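[1] The sequence and its predicted three-dimensional model are supplied below.
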There are 2 protein chains.
Amino acid sequence: MRILLTVSYDGTDFCGYQIQPNGRTVEEVINLAIEKLTGEKVKSVASGRTDSGVHALSQKVHFDTSSTIPPEKFSNALNPLLPCDVKVIKSQRVADTFNARYSAKNKTYRYSFFVGQMEEPLETRYKTLLPSMPDIALMKDGAKLIEGEHDFKCFLASGSSVKDTVRTVYSIKIVRKGRYLDIFVKGNGFLYNMVRMIAGALVAVGEKRLSLAELEQVILTGDRQNKIKTMPAKGLTLFSVIYK
Amino acid sequence: MRILLTVSYDGTDFCGYQIQPNGRTVEEVINLAIEKLTGEKVKSVASGRTDSGVHALSQKVHFDTSSTIPPEKFSNALNPLLPCDVKVIKSQRVADTFNARYSAKNKTYRYSFFVGQMEEPLETRYKTLLPSMPDIALMKDGAKLIEGEHDFKCFLASGSSVKDTVRTVYSIKIVRKGRYLDIFVKGNGFLYNMVRMIAGALVAVGEKRLSLAELEQVILTGDRQNKIKTMPAKGLTLFSVIYK
């Protein structure tokens, strides 16, 4: 049977999701726990990779097993075998045709900021410091320019070899609560570092370092002209994955 | 001159505030940074010790120096010399008679919970898991019994050698936001583990494992009868210190 796990992790001490020869990864830790539990070799499939230092509130991972453990019991059975920075929030059976990656309809990432004069140890683990609150109305106008189907090569990390850079951003929500600022980006797929650059672009707009006309040009021409910073990994969280 | 620092720290990787021969402590890390900056041996004084694993949003620490660095510049000068889990939020000059410990009028600690079915990596670092939301009205009634001047030997950790166990709890505020629950305890001083036991007592009341009459008896007799759990250190944060 095919099991779908909802997994939450603190990415701080991981070299990203995907298994690699040198470095602790979320995928390896999950596969090892499943193998310990079922005694079977496993090849799990996640909704997508998250980069080094990026967190997940709700990553989705499927795997096949002939174990007789009831599907909904996998979460409680796996958690004692997982380190404290990765936990399975939910487990369920899915159809054998379901695929955690290819059946995904859309994904939402959250980028989180806090406003302060300096790094604060109790804030900085999951949020990026901003010296002052950007102009939220301007950021919302900037978000409107990014929403929709575009060739997002302007937000493609240098060195990435992806050919097709057309993606659809369904919505960008900007939520301010006191000195906290969250940007939620929902799309059908994201290029490497894309959400971290969208966050950087919107903050640049809100801090009046990048005009709306300039942002429009960046998107149209695909040339970010060194005007957009890639925000640090620690502020980024895979927030949810929605399936067809 | 005497400098007062407002210090924030993530207690997770510290063996508490107070210097000890074996183990990383906040006090040692702060003293080393001051000594590196000023070239002077320093004996700093904090508003109080926090235990191993306890955090601080606003710990207060004073020290004396003959340095010519302007008082308000100490924060920016010290921060690059501090590890990322301790930062100085503010620095200011205070009178030579001011004492971070003895001039304190009251202190507030916050104890934080989240409600969930299992540990969640992005919540668990600073909050303690509860399986369901306790009855807030009952907790508030319980808090009323604890507020005021009492002999708090009922909340004294076993093995503690303190003689005078009379303390005044000025107020207990219970704040629920969605699946989060914070208890703010303001008092003139706290016994070892006292706030963690107050949090445990109030949760026991809210979960109907301890009646209000039983809590009243515990306080009156000083015997907690194994009915009150000491909540884990990670949920506790020194929230603020107010001076005369």
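    Sure thing, it's come through. A quick note: this is a predicted structure, and the numbers were derived from the prediction, not measured.
[2] CA only for contacts and neighbour counts going forward, please
    Fine.
[3] which outside residues touch the helix or strand encompassing residue A:205?
    Element membership for residue A:205, per DSSP states H and E: helix A:194-206. Residues outside helix A:194-206 that contact it (Cα atoms under 8 Å, 6 or more residues apart in numbering or on different chains): A:109, A:111, A:134-139, A:142-143, A:155-157, A:183, A:185, A:210-212, A:215, A:227-233, A:236.
[4] Let me see the domain layout of chain A.
    A:2-94, A:106-242 (automatic domain parsing).
[5] avg pLDDT for the helix or strand that the helix holding residue A:205 is followed by?
    Per DSSP H and E, the first helix or strand lying C-terminal to helix A:194-206 is helix A:212-221. Helix A:212-221 shows a mean pLDDT of 95.
[6] Just want the angle from helix A:212-221 to helix A:194-206.
    Helix A:212-221 and helix A:194-206 meet at an angle of 150 degrees, taking axes from the mean of the first three to the mean of the last three Cα atoms, to 10 degrees as the criterion.
[7] Can you point out the buried residues in helix A:212-221?
    Across helix A:212-221, burial judged by 16 or more other Cα atoms under 10 Å in any protein chain shown covers A:212, A:215, A:218-219.
[8] cool, stretch A:56-72 as well?
    For stretch A:56-72, burial by neighbour count (16+ other Cα under 10 Å) applies to A:56-65, A:71.
[9] Whether it contacts chain B - can you check?
    Yes. Stretch A:56-72 reaches chain B (Cα under 8 Å from any Cα of the partner chain) through residue A:57.
[10] do stretch A:102-121 as well
    Yes. Applying Cα under 8 Å from any Cα, one finds stretch A:102-121 in contact with chain B at A:117-121.
[11] Among those residues, the buried ones, what's the PyMOL command?
    Remark: buried members of the residues of stretch A:102-121 next to chain B, expressed as a PyMOL selection using 16+ other Cα under 10 Å:
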select buried, chain A and resi 118+119+120+121
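[12] What is the most widely separated pair among the residues of stretch A:102-121 next to chain B?
    Across the residues of stretch A:102-121 next to chain B, the longest distance by Cα to Cα is 12.6 Å; it joins A:117 and A:121.
[13] which neighbours do those two share?
    Here residue A:117 and residue A:121 have no joint contacts, going by Cα under 8 Å, 6+ apart.
[14] for the nearest residue to residue A:200 once chain neighbours are set aside, phi and psi?
    Spatial nearest neighbour of residue A:200, excluding adjacent residues (Cα to Cα, 6 or more residues apart in numbering or on different chains): residue A:229 at 5.1 Å. Dihedral angles of residue A:229 (phi, psi; degrees, to the nearest 10) stand at phi -90, psi 140.
[15] Can you check the pLDDT for residue A:229?
    Model confidence at residue A:229, given as pLDDT, is 93.
[16] Now do the same contact list for it.
    A:197, A:200-201.
[17] Closest one of the residues you listed to residue A:39?
    Nearest to residue A:39 among those, with distances taken as Cα to Cα, is residue A:197, at 41.9 Å.
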